[in-house]
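[1] Provided below for reference: sequence and predicted model.
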Amino acid sequence: MVVKGGQNVIFEPQHLRVWLENESLMLEYDGKVHELAPPRRALPLSSPDEWILLTSSEGEQLGSIRSLSELDAVSRDTLRVALEDAYRITTILQVLDVEREPISGQITWRVLVEASEDEFEGLQSGHDTTFRLAGAEDIQTARYPHIYFADIDGNRWQIPNCEAMDLASRRASERYF
């Protein structure tokens, strides 16, 4: 069920099944099983539960789902969780250190992030974490002072208002904003 010749396949919901197996997202359609890459939304803001794009783990476009509401409960819930993971943005509360490697140009950020309830039950404050950017081009400042990052592992990060951060955080990161 691989898309060929530029045609987009729209999955028939009654013939589709999606589940999680050994931490891999799996798809069965027309008797064929595929391991999936993280799903993507074609219309992420206006219709988040419609037109979900599915791609194999090898990068082959498999097709689209019109609406999650048309799927069986297990497939629908599995895809909703996978979409939450794919679109998760971690909020940075404080920048502790920023270091650029002179040869590769990669930038290592050590930050304090907002604790998520599912990871850190009962914690009110954040925790210290480190991530790497391939370069300054992975920092999006178009909506300044709201800053977005995409690290080399595909994780997404944000600083809602870099001007409101503490002085040490602004000094550590100012040359990148």
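    Nice, thanks for sending it over.

[2] Outline the domain layout of the chain.
    Annotated domains of the chain cover 13-86, 89-176 [automatic domain parsing].

[3] What are the boundaries of the strands in this protein?
    Secondary structure of the chain, counting by DSSP state E: strands at 16-21, 24-29, 32-35, 40-41, 50-55, 61-67, 89-100, 107-113, 127-133, 139-140, 147-150, 156-159.

[4] between the ones you listed, which one is nearest to Tyr176?
    For the strands of the chain, the distance to Tyr176 is smallest for strand 139-140, at 5.3 Å, taking Cβ to Cβ. Yep, even glycine has a C-beta here, placed from its N, CA and C like the rest.

[5] now the closest one: how far from the chain's centre is it?
    Computed by Cα atoms, centre = their mean, to the nearest Å, the chain-centroid distance of strand 139-140 equals 15 Å.

[6] So what sits opposite Met26 in the bridge?
    Under DSSP bridges, the beta-bridge partners of Met26 are Trp19, Glu35.

[7] Hmm, Leu20 and it touching each other?
    Yes. Counting by Cβ atoms under 8 Å, Leu20 is a contact partner of Met26 at 7.2 Å.

[8] and for stretch 128-140, what are the contacting residues?
    Around stretch 128-140, the neighbours that count as contacts under Cβ atoms under 8 Å, 6 or more residues apart in numbering are 96, 105-113, 147-153, 155, 157, 176-177.

[9] now with 6 Å?
    Residues external to stretch 128-140 that are found in contact with it (Cβ atoms under 6 Å, 6 or more residues apart in numbering): 105-110, 112-113, 148-152, 176.

[10] Now do Val9 against Gly63, distance only.
    As judged by Cβ to Cβ, to the nearest Å, Val9 and Gly63 stand 3 Å apart.
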